[in-house]
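**Q** missing the sequence, but the structure's below:
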């Protein structure tokens, strides 16, 4: 089984989530090999799982004050 390693460098939260989704779709369709992604997020962000309720899990006011993105993952988790 072939594997691919991607180092996408420094990206913001929304961009990283878009890349994860695109790679996941391509891998699930057999178009791309299994992939390990390395990245660094800037500005800081809070990743929220698919089933999490943002207002219960995240202090949105604090995130806004600190300039943090709040990004929903397409996968579950907590």
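**A** Noted; the coordinates are in hand. It should be emphasised that the depicted structure is a prediction, and the values quoted were computed from it without experimental measurement.

**Q** residues touching the most centrally placed residue in the chain, list them.
**A** Centroid check for the chain by C-alpha atoms, centre = their mean gives residue 17 as the closest residue, at 3.3 Å. Contacts for residue 17 (C-beta atoms under 8 Å, 6 or more residues apart in numbering) come out as 47, 71-74. Every C-beta, even on glycine, is put in place using the N, C-alpha and C of the backbone.

**Q** Spell out the secondary structure type for residue 65.
**A** Secondary structure, DSSP: H, G, I helix; E, B strand; the rest coil: residue 65 is helix.

**Q** what's the answer for residue 61, then?
**A** Of the three states, residue 61 takes helix under three-state DSSP.

**Q** Ok, residue 37 next?
**A** Under three-state DSSP, residue 37 falls in the strand class.

**Q** State the distance from the residue nearest to the centre of the chain to residue 39.
**A** From residue 17 over to residue 39 the distance is 10 Å, taken as C-beta to C-beta, to the nearest Å.

**Q** before we move on, the earlier item: please narrow the contacts of residue 17 to those residing in strands.
**A** 47, 71-72 (DSSP state E).
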